[in-house]
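Asks: What would the 3D arrangement of this be:
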Amino acid sequence: DNFEKLTDEKMLKRLRSNVRDKAYCADLTEYLSEYNLDEVPSLKPCGVANYYDMSESSPILFKNEEMMTYARYPNDGFLTIKNVIKEGKLDKDYEDDVTDEHHEMAEFGYSYEDSKKWVNPDDVWIFGYFRYRWADWFAPAEVNTAAQTIKMKRAYSQSGYAPTDGKEFYFSNVFEELDAENEFYIDRKTKKLYVISENLDDCGYELAMMNGGIVHMKDCAYITFENIKMSLSRSNIFKAYNCNNISVVNCEISKGGTAGIIFDRVKDSEIKNNLVCWLGSRGILVSNAGGNAELDAGNVNVENNKVHDFAKLETTYKPAITLNGYKNRAAHNEMYNTTHNAFIIQGQDNIFEYNDVHDCLLTAEDAGAVYLGRKWSETGNVFRYNYFHDLPKGPGGSWRNNAIYFDDGFLGGKVYGNIFKNLQCGIFSH
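Replies: Numbering: from 1, shown residues only. All right, here's what the predicted structure looks like:
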């Protein structure tokens, strides 16, 4: 509510001339104090290539109910790695500390002349698919704009994800690249938030600053959450641990930095008729739901939910719905608008039926809207009567995208009665 026209001449000169009259800023000092914060929380490294799973994100700005992005270049698409100078090397003796001196950091060249105009490129972050479109990487970097080189400040978790010539990345968290209405920038030193807007009165801005989630419960039973809107958290919005007979029904779970709903070691429960959207990570995770040595059934039912626009920060292997366990069900859900998977299954005798899956895998290749594999024990899962449609081809062209992908070591399951339309491959077993 306290946005003002940007009048600071030094800051205005750093922006492109065509957006200077549309720039606004807001002081976050009082807002931070409401959450007992002295400083703006930093950005968080994440991604498959970093081996991170975010427990919390940095503050995220939403406009008119939709998640905005850190000021970036290019605004859409990617730059390419010009030449790899150092692939980087992870010292396995120190792999729990990816920042220390024992690792050789990856370094590569790029080509973007306008970066030489950046005044203070010491807090630039890089997002990229440095080798595979199923391995994202978001981490801070040291950018030498004169030499046009980038040196990562985090070591990757596995050598197989090292940067490769011609692969893709973009610059993130750069004030000079704030030039679009879906972008924002936070100066952590001055505690000021910057946006670009043609008409500020038409913009409903909301900043997710709270950490700790909205509902986190443990060792509970027979509780129903119904007709509740839960939003604006930097960490998992709803989490139930070691519970039974929990129902989340007719709720809106939205505008979060990480996951929407997590059921961990929860049995005999349901997630039904909810809207789950605009999240930094996964939509709904059902984990450890049955399947112990006695093969107790999880009996978790995930039904008739609409899950869209998730995995905005962690962009791979963070699906709309994950079923992990024994004898659980996902049915009549609609899943769409995501860069990678819609559904991942891990366990035995789970059912995925009557779901509508579309507009997934938007930046992926060698991927599946539904994905499972790599464990011989994952048997008895059933995929039936689903509608898969409008899934794009892999952008690189060399690896296909699939509606259902049975990956390395998949042992067996049942697939029947599904409809596949306007996509590259229906069922692929590797």
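
Asks: how about Met54, secondary structure?
Replies: Following DSSP: H, G, I helix; E, B strand; the rest coil, the label given to Met54 is coil.

Asks: show me what contacts it?
Replies: 44, 46, 257-258, 280-281, 313-314 (CB atoms under 8 Å, 6 or more residues apart in numbering). C-beta: built from backbone N, CA, C; applies to glycine.

Asks: Just the buried ones out of these, please.
Replies: Applying a neighbour-count criterion of 16 or more other CB atoms under 10 Å, the buried members of the contacts of Met54 are 44, 46, 257-258, 280-281, 313-314.

Asks: related to what we said a few turns ago, which of the contacts of Met54 lies closest to Asn18?
Replies: Leu313 (28.3 Å; CB to CB).

Asks: got a list of what that closest one touches?
Replies: 46, 54, 57, 138, 257-258, 280-281.

Asks: Need the per-residue pLDDT for it.
Replies: Listed pLDDT for Leu313 reads 94.

Asks: Over to it. Which of the three states is it?
Replies: Classification of Leu313 using three-state DSSP returns coil.

Asks: Would you quantify the distance from it to Tyr73?
Replies: 18 Å (CB to CB, to the nearest Å).

Asks: I'd like the contacts of Leu313 laid out as JSON lines, including secondary structure and pLDDT.
Replies: Below are those laid out as JSON lines (DSSP: H, G, I helix; E, B strand; the rest coil; pLDDT from 0 to 100):
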{"residue": "Cys46", "secondary structure": "strand", "pLDDT": "88"}
{"residue": "Met54", "secondary structure": "coil", "pLDDT": "73"}
{"residue": "Ser57", "secondary structure": "coil", "pLDDT": "91"}
{"residue": "Phe138", "secondary structure": "strand", "pLDDT": "92"}
{"residue": "Gly257", "secondary structure": "coil", "pLDDT": "94"}
{"residue": "Thr258", "secondary structure": "coil", "pLDDT": "94"}
{"residue": "Gly280", "secondary structure": "coil", "pLDDT": "95"}
{"residue": "Ser281", "secondary structure": "coil", "pLDDT": "94"}
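
Asks: Redo these as a markdown table? Include distance to Asp91.
Replies: Listed next are these as a markdown table, based on distance: CB to CB, whole Å:
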| residue | distance to Asp91 |
| --- | --- |
| Cys46 | 22 |
| Met54 | 24 |
| Ser57 | 28 |
| Phe138 | 22 |
| Gly257 | 31 |
| Thr258 | 29 |
| Gly280 | 30 |
| Ser281 | 29 |
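
Asks: With respect to Leu200, which of those is nearest?
Replies: For these, the nearest to Leu200 is Gly257 (24.1 Å; CB to CB).
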